[in-house]
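1. Any chance you can model this:
(one chain, ligands or ions: 2)
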Amino acid sequence: MDQSKEQRILNSVSYNAVKGDPESVLDCIDNYCSQKEWAMNVGDEKGVILDKVVEEADPTIALEFGTYVGYSAIRIARLLKPNARLLTIEFNPEFASIAREIIEIAGLSEKITIIEGHSQDIIPQLREKYQVDKVDFVFLDHWKERYCPDTILLEECGYLRKGSILLADNIVYPGAPDFIKYIRSHKSFDCTNYPSHLEYMKVEDAMEKAVYMG
Ligand SMILES: Nc1ncc2ncn(CCCCCNC(=O)c3cc(-c4ccc(F)cc4)cc(O)c3O)c2n1
Ligand SMILES: [Mg+2]
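-> Ligands and ions are numbered 1, 2, ... in the order given. Predicted coordinates for the structure are as follows:
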């Protein structure tokens, strides 16, 4: 059976990255995906925007939708303070398993919990099953049609607090028009757009930050 692209990314990280060094894992994935096979990681250009927003949020509890191979989970978790945690949701079991191995190579398994399932099913369970009270930072990078309903669900479940920061990938490409329409017209969110480019391509993309005002 032929290996998947995601398995080939894991092979490259396993062979080339320095164990326990998150930066070397990120560099390895970026090099592989820009030189060998494109993959939908947030990448190094939008990754710098992600870094800045995570540093601004300085979250104790961070949440991510769409783990994929764990690139953005590593980007986020490497910046977290000692007792801070990242919960990342992935519904594809093969991707979740590959992400678990790549996160282990980065030495960040203690800071990151991968939850297998659909965001809409997991969000209502976060309080009881994962002892989540409030979420300080959310990175949306899953199905683009789920950005809007899942933001509403987070608010309805009471996980957002004054100052909670949401950051959404792919606002231009593939795009999340209903999310943008909703979040920019909702009085409780203060939005900022960050123009950038699609990972590893010269195609225009952008990220949107939305601060919950309570
Ligand atoms: N509900 C739920 N809960 C949990 C989940 N876990 C996973 N999923 C499903 C996630 C499916 C992948 C999402 N990501 C993308 O589709 C994506 C695509 C491109 C892209 C593609 C082709 C092009 F030609 C150009 C750009 C670039 C990006 O940066 C992207 O992030 C879940 N869903
Ligand atoms: Mg993305």
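2. OK, now which residue of this protein is nearest to ligand 2?
-> When distances are taken as Cβ to the ion, the chain reaches nearest to ligand 2 at D169, 3.7 Å away. All C-beta spots, glycine's among them, are computed from the backbone N, C-alpha and C.
3. Could you pull out the buried residues of stretch 182-194?
-> Y182, I183, H186, F189, Y194 (16 or more other Cβ atoms under 10 Å).
4. Contact partners for the nearest residue to the residue of the chain closest to ligand 2 once chain neighbours are set aside?
-> The shortest distance from D169 to any non-neighbouring residue, by Cβ to Cβ, 6 or more residues apart in numbering, is to D141 (4.3 Å). By Cβ atoms under 8 Å, 6 or more residues apart in numbering, the contact set of D141 is V42, E64, F65, G66, Y68, S72, A168, D169, N170.
5. Tell me the confidence at the residue of the chain closest to ligand 2?
-> Here the pLDDT value assigned to D169 is 99.
6. Contact residues of this protein facing ligand 1?
-> Proximity of the chain to ligand 1 (Cβ under 6 Å from any ligand atom) is limited to residues 40, 65-66, 89-92, 118-120, 141-143, 146, 169-170, 173-174, 198-199.
7. if we go to 8 Å?
-> 40-43, 65-68, 89-92, 95, 117-120, 122, 141-144, 146, 150, 169-170, 173-174, 198-199, 201, 203, 205 (Cβ under 8 Å from any ligand atom).
8. Just to be sure, L86 is in a helix?
-> No. Read with DSSP: H, G, I helix; E, B strand; the rest coil, L86 is strand and lies in no helix.
9. Surely it is in contact with I76?
-> Yes. The criterion here is Cβ atoms under 8 Å, and L86 meets it with I76 at 5.4 Å.
10. Kindly point out which residues are neighbours of both of the two.
-> Common neighbours of L86 and I76 are listed as A62, E64 (criterion: Cβ under 8 Å, 6+ apart).
11. so who does the residue nearest to M207 when sequence neighbours are not counted touch?
-> Nearest non-adjacent residue to M207, counting by Cβ to Cβ, 6+ apart: Y194, 4.5 Å away. By Cβ under 8 Å, 6+ apart, the contact set of Y194 is I49, A206, M207, E208, K209.
12. Alright, I will stop here.
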